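Asker: Could you look at this predicted model? Sequence included:
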Amino acid sequence: EVQLVQSGAEVKKPGESLKISCQGSGYTFVSYWIGWVRQMPGKGLEWMGIIYPGDSDTRYSPSFQGQVTISADKSNATAYLQWSGLKASDTAMYYCARVVVAPRDWSFDLWGRGTPVIVSS
Amino acid sequence: EIVMTQSPATLSVSPGERATLFCRASQSVRSKVAWYQQKPGQPPRLLINDASTRATGIPPRFSGSGSGTQFTLIISSLQSEDLAVYYCQQYDDGPPYTFGQGTKVEIK
């Protein structure tokens, strides 16, 4: 089955670091860009950034550049999203998603179920 | 950064009736627009890409149209399971490949 499996819910304190994961299976992971999308409570979708696991080419939204780090480990077909110092405003659901066919089509055709992150003192 | 503006914010439609959702881009995005459906408690699902191409497994009651700056998603005969928030996304110019703020479809 073609799927993206995300790591479980996280509850953290402000200032802590965090790394969440997204493992692909059922397809050639290294051949498709993977993106991250934030959804704050009760709000819409925000495009954060993308990575090509084949060579780790990474592109960020200016809104998220410097705030998070996107990485990938092609040996275990996993992409990551990490923070070095969480803020309460990072509380959100984070989705990973597969890009259709870059560079012609950057839409997302396969989504993970999301990782909820709560940051609270 | 291209801004995608969706209207209306909320749409209330009776079962069997037509729902029309709009998405406007702040500059031309050619036909590089996708539509997603997000049901409560679920991740988004791709409905349409390239403005008018239905994704795999999407029923024909969903159709998309438009090019340039104006785009439309039509649900021709609303079903109860279509209760969801619908998002458009442009992928012509980025990053970021921006989303609209969403239209919530309610069943009247």
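Answerer: Looks like it arrived, so ask away.
Asker: The lengthiest strand in chain A close to chain B?
Answerer: Secondary structure of chain A read by DSSP state E shows that its longest strand is strand A:92-101. Yes. Using CB under 8 Å from any CB of the partner chain, we find that strand A:92-101 touches chain B at A:95, A:97, A:100. Quick note: C-beta positions are derived from backbone N, CA and C, even for glycine.
Asker: residues touching the first one, list them.
Answerer: This means residue A:95. A:6, A:36-39, A:45, A:111-112, A:114-115, B:43-44 (CB atoms under 8 Å, 6 or more residues apart in numbering or on different chains).
Asker: Apply 7 Å and report the result again.
Answerer: A:37, A:39, A:111-112, A:114, B:43 (CB atoms under 7 Å, 6 or more residues apart in numbering or on different chains).
Asker: What sits closest to residue 53 if chain neighbours are left out?
Answerer: If you meant another chain, say so; for now it's chain A. residue A:72 (4.1 Å; CB to CB, 6 or more residues apart in numbering or on different chains).
Asker: please go with chain B instead
Answerer: That would be residue B:64: by CB to CB, 6+ apart, it lies 7.8 Å from residue B:53.
Asker: before we move on, the earlier item: ok, of the residues of strand A:92-101 next to chain B, which one's closest to chain B?
Answerer: residue A:95 (5.5 Å; CB to the nearest CB).
Asker: Check what pLDDT the closest one gets.
Answerer: The model reports residue A:95 with a pLDDT of 98.
Asker: coming back round to it: tell me the buried residues in the longest strand of chain A?
Answerer: A:92-100 (16 or more other CB atoms under 10 Å in any protein chain shown).
Asker: Other residues contacting the helix or strand harbouring the residue nearest to residue A:53?
Answerer: Secondary structure assignment for residue A:72, by DSSP states H and E: strand A:69-73. Contact with strand A:69-73 is made by A:34, A:36, A:49, A:51, A:53, A:56, A:58, A:78-82, as judged by CB under 7 Å, 6+ apart.
Asker: then it to PDB, C-alphas only?
Answerer: In PDB, the C-alpha atoms belonging to strand A:69-73 read as follows (Å, rounded to 0.1, in the frame of the first residue of the first chain):
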ATOM      1  CA  THR A  69      14.600  22.400   9.500                       C
ATOM      2  CA  ILE A  70      13.500  19.800   7.000                       C
ATOM      3  CA  SER A  71      15.600  16.800   6.300                       C
ATOM      4  CA  ALA A  72      15.400  13.300   4.900                       C
ATOM      5  CA  ASP A  73      17.100   9.900   5.400                       C
END
